[in-house]
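Engineer: Quick one, what's the 3D model for this:
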Amino acid sequence: MAVANDLSLASEQPESRHENQTRRVLRRLMRSTNARVGIFLVVAFLLIALLVPLVDDYDARRDLDLSSRLQPPSSEHWFGTDDLGRDVLRRVLHGARVSLQVAILSVSISLIIGSMIGLVAGMTGGWVDNVLMRLMDIMLAFPYVLLAIALVTTLGAGLRNTMIAIGIVYVPIYARLSRSVAISLREEDYVMAARSIGSTQLRILFSHIVPNGLSPIIVQATLSMGIAVLDAAALGFLGLGQQPPYPEWGKMLVDSLQFILSGSWWVMLFPGLAIMLTVLGFNLLGDGLRDALDPRLRM
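Structural biologist: Model prediction:
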């Protein structure tokens, strides 16, 4: 009976340790003011992106009222109207879905592809590592935005191609990060022990390297989403992202430039604020996660 109890306690220890570690991370995260602000902003924009299309059946192709063009903020139009009489608040809210969709899907593409390349390079070493990393170095030699512009121009303007281009541009970041994680962990005692009992490289990779190397990758993914929102706005600003008449924050900015000198400041202000707050939210959340997941820091 005593042996059985010891075995049951031993089987429960890894799970309890995992739960305790998760609680410590969440506790550290919620103690950070920056993290709380980041969580609030990110969750707010995610809820807007998910719920607004459900409660407001918006058809951008029919949204036109020239009699109400360039009206300042009022009780009827809280954010004013643009040059075609469209409600700026309504378009900003619906544009959140586009920007967050680009951020989440493009970062997911780069995270999956880049992490697999980096992990294979770090675990294999030799000529495979050299070839893969030289390819990543070639991609890093180009400025991110210019490379994304070249890819979108080649693939064709549109939301889907924007996500693909941004995802490809970020691949080297995750490849180099995951490679460094694999190199630092492959000589750890538990990895050497797994290798000594005959575990395959694939089993070691997914059972030991990936679970213990997720922290920096999660932090980088969170920070990259803020940058992806900026890149999507930049491509939309150049007319390479979401195509009109559908709302997108970057395209709304470029459409508003000609009306700034005439005093119609609200047309540019509110899309710009939406971009700024979204990027700020992801950056603050990323900083908070970095501190919470770092075992050397005690918050």
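Engineer: Just the helices from the stretch 151-299 of the chain, written as ranges.
Structural biologist: Remark: helices assigned in the stretch 151-299 of the chain by DSSP state H, counting those that start in this stretch are 159-169, 171-185, 189-196, 201-204, 210-212, 214-237, 249-256, 266-293.
Engineer: So for residue 81, which of these sits nearest?
Structural biologist: Proximity of the helices of the stretch 151-299 of the chain to residue 81 was assessed by CB to CB; the nearest stretch is helix 266-293, lying at 8.3 Å. Every residue, glycine included, has its C-beta placed from N, CA and C.
Engineer: To residue 38, which of the helices of the stretch 151-299 of the chain lies closest?
Structural biologist: helix 266-293 (3.1 Å).
Engineer: Ok, which of the helices of the stretch 151-299 of the chain comes nearest residue 124?
Structural biologist: The nearest among these, by CB to CB, is helix 201-204 at 8.0 Å.
Engineer: and the lengthiest helix in the chain with helix 159-169, angle?
Structural biologist: Across the chain, the longest stretch assigned as helix under DSSP state H is helix 88-124. Per axes from the mean of the first three to the mean of the last three CA atoms, to 10 degrees, the angle that helix 88-124 makes with helix 159-169 is 40 degrees.
Engineer: Now distance to residue 101 too, for the helices of the stretch 151-299 of the chain, in CSV please.
Structural biologist: Output for the helices of the stretch 151-299 of the chain, formatted as CSV (distance: least, CB to CB, whole Å):
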stretch, distance to residue 101
helix 159-169, 8
helix 171-185, 19
helix 189-196, 38
helix 201-204, 33
helix 210-212, 26
helix 214-237, 9
helix 249-256, 12
helix 266-293, 12
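Engineer: what's residue 68 in contact with, if anything?
Structural biologist: Contacts for residue 68 (CB atoms under 8 Å, 6 or more residues apart in numbering) come out as 77, 81, 85.
Engineer: Format the helices of the stretch 151-299 of the chain as JSON lines; extra columns: distance to residue 118, mean pLDDT and mean neighbour count.
Structural biologist: JSON lines is the format used below for these (distance: least, CB to CB, whole Å; pLDDT from 0 to 100; neighbours: other CB atoms under 10 Å):
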{"stretch": "helix 159-169", "distance to residue 118": "15", "mean pLDDT": "89", "mean neighbour count": "22"}
{"stretch": "helix 171-185", "distance to residue 118": "3", "mean pLDDT": "89", "mean neighbour count": "21"}
{"stretch": "helix 189-196", "distance to residue 118": "16", "mean pLDDT": "75", "mean neighbour count": "13"}
{"stretch": "helix 201-204", "distance to residue 118": "15", "mean pLDDT": "74", "mean neighbour count": "13"}
{"stretch": "helix 210-212", "distance to residue 118": "11", "mean pLDDT": "75", "mean neighbour count": "14"}
{"stretch": "helix 214-237", "distance to residue 118": "9", "mean pLDDT": "86", "mean neighbour count": "22"}
{"stretch": "helix 249-256", "distance to residue 118": "30", "mean pLDDT": "84", "mean neighbour count": "23"}
{"stretch": "helix 266-293", "distance to residue 118": "19", "mean pLDDT": "88", "mean neighbour count": "21"}
